[in-house]
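Fold the stuff below for me.
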Amino acid sequence: MDLQEVLDLLNGIFFSTGITHLSWKYLVMWGISGLFLYLAINKNFEPLLLLPIGFGIFMVNFPLVPLMGMTPEGHGELIRIFYHYGLEWEVIPCVIFLGLGAMTDFGPMIANPKTMLIGAGAQLGVFVTFIGAMLAGFNIKEAMSISIIGGADGPTTIYLTQHLAPQLLGANALAAYSYMAMVPLIQPPIMRLLTSDAERKIRMKQLRHVSRAEKVLYPLLCTAVIAILVPAVTPLMGMFMLGNLMKESGVVGRLSETAQNSLMNIVTIFLGVSVKPLFIFGLGCLAFVVCTAGGIWTAQIMNLFLKEKINPLIGSAGVSAVPMAARVSQVVGQQYDKKNYLLMHAMGPNLAGVIGTAAAAGMFLAMFQ
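Have a look, this model is predicted:
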């Protein structure tokens with residue numbers, strides 16, 4: 001082998017590495033990955049979501065790595081398999097809703113059904129952002145899929161986007177889960193801006209006891225109503241209510257435990273490394289902010305007519321980030337009155353927000369079916 005052949009061999013080896021294919025775009029994505037990992041590890045902001053998402057962003061943003069492409073034989077590579085079967089086939093969103101249902105207590109919403117109006121009011125951001133996305137040049141299906149990000153409901157965002165604008169699936173899923181995880185960072189300033197000191201100190205009466213029969217019947221009735229009025233989202237909400245029925249029935253403890261823990265943990269890992277990162281954060285942020293404000297404004301409007309006032313801080317929980325948004329309402333409320341316990345009151349609009357976001361998604365889907 002002469003010198004030229006050696007040089008050609010070394011040159012081929014060098015160009016087979018990722019060094020020559022690096023660009024500033026990878027550096028930007030590493031920065032986003034680092035931010036998510038920092039928030040997860042140092043700030044403890046929803047690490048179960050942000051850590052796998054952050055590392056997934058880091059892992060796929062190197063040139064030539066055999067993760068998201070196809071093999072010479074036409075088979076999907078590792079992350080593409082997760083992405084295809086988990087997100088494109090809509091398996092992960094439905095399984096996540098099953099786990100969420102198994103962890104959910106509808107008692108606060110059943111005990112105080114007025115809070116469902118707050119969850120509905122929090123969907124304001126969805127429709128404001130839909131208009132904004134249309135004005136920004138997105139087509140109607142893309143605008144619908146982007147607007148649902150404001151509910152901070154990752155599974156519903158994935159489900160709707162896969163049906164209407166699959167080309168935006170990675171971007172929308174990443175944005176939705178990012179805002180879900182960063183609820184404690186984004187919401188408190190909005191809550192303080194839109195409420196007075198007196199409003200933040202409103203104490204609400206302890207909720208009534210909700211019987212086991214009510215809790216068992218609720219997922220059945222809710223599934224029936226959703227299946228009749230918004231059939232397009234029955235796969236999501238049906239799994240949500242199935243998980244809740246397993247929990248409340250008390251007769252399938254092993255299944256409920258698996259849905260809450262092992263199964264939920266597995267799909268969270270797959271989801272985190274499956275999300276392909278792109279940029280639709282601006283409109284998603286607008287949606288999230290307006291949804292938060294919409295819930296607060298709805299509570300304030302309701303207070304004009306109610307004898308027993310609602311603390312408008314629980315209005316911010318009208319987004320679908322369960323239970324993060326409800327916890328934020330509790331934390332902010334106790335900053336102004338340490339004996340004010342808002343968590344269970346905030347769970348009402350929080351759960352109503354899940355249903356409201358799914359209903360909005362179903363309405364969008366119905367327009368094209």
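
show me where pLDDT drops low in the stretch 201-350 of the chain?
Where the stretch 201-350 of the chain drops to pLDDT under 70, the residues are 272-281.

the helices in it, which residues?
212-229, 234-249, 253-260, 262-274, 281-303, 324-336, 343-366 (DSSP state H, counting those that start in this stretch).

so of those, which one's packed in deepest?
Mean neighbour count (mean count of other C-beta atoms under 10 Å) peaks for helix 343-366 among the helices of the stretch 201-350 of the chain, with a mean of 25. All C-beta spots, glycine's among them, are computed from the backbone N, C-alpha and C.

Tell me how far the helix or strand that Gly99 is a member of lies from the chain's centre.
Gly99 is part of helix 91-103, with elements assigned from DSSP states H and E. For helix 91-103, the separation from the chain centroid amounts to 12 Å (computed by C-alpha atoms, centre = their mean, to the nearest Å).

Skip ahead from it and say which helix or strand is next.
Heading C-terminal from helix 91-103 (DSSP H and E), you reach helix 107-111.

Please put the alpha-carbon coordinates of the helix or strand following that next one into PDB.
Next along the chain after helix 107-111, taking DSSP H and E as the criterion, comes helix 115-121. Taking Å, rounded to 0.1, in the frame of the first residue of the first chain, the C-alpha atoms of helix 115-121 are listed here in PDB:
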ATOM      1  CA  THR A 115     -64.800  24.400  38.800                       C
ATOM      2  CA  MET A 116     -65.500  22.700  35.400                       C
ATOM      3  CA  LEU A 117     -66.300  26.200  34.100                       C
ATOM      4  CA  ILE A 118     -62.800  27.300  35.000                       C
ATOM      5  CA  GLY A 119     -61.300  24.500  33.100                       C
ATOM      6  CA  ALA A 120     -63.500  25.500  30.100                       C
ATOM      7  CA  GLY A 121     -62.400  29.100  30.400                       C
END
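
Next secondary structure element downstream of helix 115-121?
helix 124-135.

So which elements touch that following helix?
Applying 3 or more C-beta pairs under 8 Å, 6 or more residues apart in numbering; DSSP states H and E, we find helix 124-135 packed against helix 140-147, helix 281-303, helix 343-366.

between those, which one is nearest to Asp153?
Between Asp153 and the helices and strands packed on helix 124-135, the shortest gap by C-beta to C-beta is with helix 343-366, which sits at 4.6 Å.

Show me what the closest one is packed up against.
Under the contact criterion of 3+ C-beta pairs under 8 Å, 6+ apart, helix 343-366 touches helix 107-111, helix 115-121, helix 124-135, helix 154-164, helix 212-229, helix 234-249, helix 281-303, helix 324-336.

Of these, which is nearest Arg192?
helix 324-336 (7.3 Å).

Would you mind measuring from Ile301 to Val126?
18 Å (C-beta to C-beta, to the nearest Å).

contact partners of the helix holding Gly99?
Residues from elsewhere that reach helix 91-103 (C-beta atoms under 8 Å, 6 or more residues apart in numbering): 85-87, 154-156, 158-159, 219, 235-237, 239-247, 256, 259-260, 263-264, 267-268, 270-271, 274, 322, 354.

And stretch 201-211, by the same measure?
With C-beta under 8 Å, 6+ apart as the criterion, stretch 201-211 contacts 106-108, 110-112, 308-312, 314, 336-337, 339-340, 342, 344-345.

Give me the distance between Ala136 and Thr129.
According to C-beta to C-beta, Ala136 and Thr129 sit 10 Å apart.

er, Gly243 I mean
In terms of C-beta to C-beta, Gly243 sits 29 Å off from Thr129.

same thing with Asp197?
30 Å.

out of those two, which sits in the more crowded spot?
Set Asp197 next to Thr129 and count neighbours by other C-beta atoms under 10 Å: Thr129 wins out with 27 against 8.
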